[in-house]
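Enquirer: prediction below, plus the sequence it came from.
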Amino acid sequence: MNLTRSFNNWRKYRQTVNELGRMSTRELHDLGIDRSDIRRVAREATGL
């Protein structure tokens, strides 16, 4: 169960990083996110 949860969290993290990475700098700025903060934001959003 713990392994499954960890894998699912990792998948959500990767999906979040990919989705934010596809956004323009302007779109990220509108959300208050700097491009260099994408991985941190994804970690916080997925609990990693």
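Expert: Thanks, I have it. Numbering: from 1, shown residues only.

Enquirer: only C-alpha atoms from now on, for both contacts and neighbour counts.
Expert: Will do.

Enquirer: can you point out the buried residues in stretch 11-31?
Expert: Across stretch 11-31, burial judged by 16 or more other CA atoms under 10 Å covers 12, 13, 14, 16, 17, 20, 28.

Enquirer: over to stretch 39-48?
Expert: 39, 41, 42, 43.

Enquirer: which outside residues touch that stretch?
Expert: Outside stretch 39-48, the residues within contact range by CA atoms under 8 Å, 6 or more residues apart in numbering are 9, 10, 12, 13, 14, 16, 17.

Enquirer: longest helix anywhere in the protein?
Expert: helix 2-22 (DSSP state H).

Enquirer: quick revisit: need the buried residues of stretch 39-48 in a markdown table (columns: secondary structure and distance to residue 32).
Expert: Shown next, in a markdown table, are the buried residues of stretch 39-48 (DSSP: H, G, I helix; E, B strand; the rest coil; distance: CA to CA, whole Å):
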| residue | secondary structure | distance to residue 32 |
| --- | --- | --- |
| 39 | helix | 14 |
| 41 | helix | 11 |
| 42 | helix | 14 |
| 43 | helix | 16 |
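
Enquirer: return the closest of these with respect to residue 4.
Expert: The closest of these to residue 4 turns out to be residue 43 (CA to CA; 17.4 Å).

Enquirer: give me the below-cutoff pLDDT ranges for this protein.
Expert: By pLDDT under 70, the low-scoring segments of the chain are 1.

Enquirer: tell me which residue lies nearest the centroid of it.
Expert: Nearest to the mean C-alpha position of the chain, by CA atoms, centre = their mean, lies residue 42 at 2.5 Å.

Enquirer: now that one: how far from residue 22?
Expert: Noted for residue 42: a distance of 14 Å to residue 22, by CA to CA, to the nearest Å.

Enquirer: pretty sure residue 21 sits against residue 38.
Expert: Yes. Look at residue 21 against residue 38 with CA atoms under 8 Å: they come within range, at 7.3 Å.
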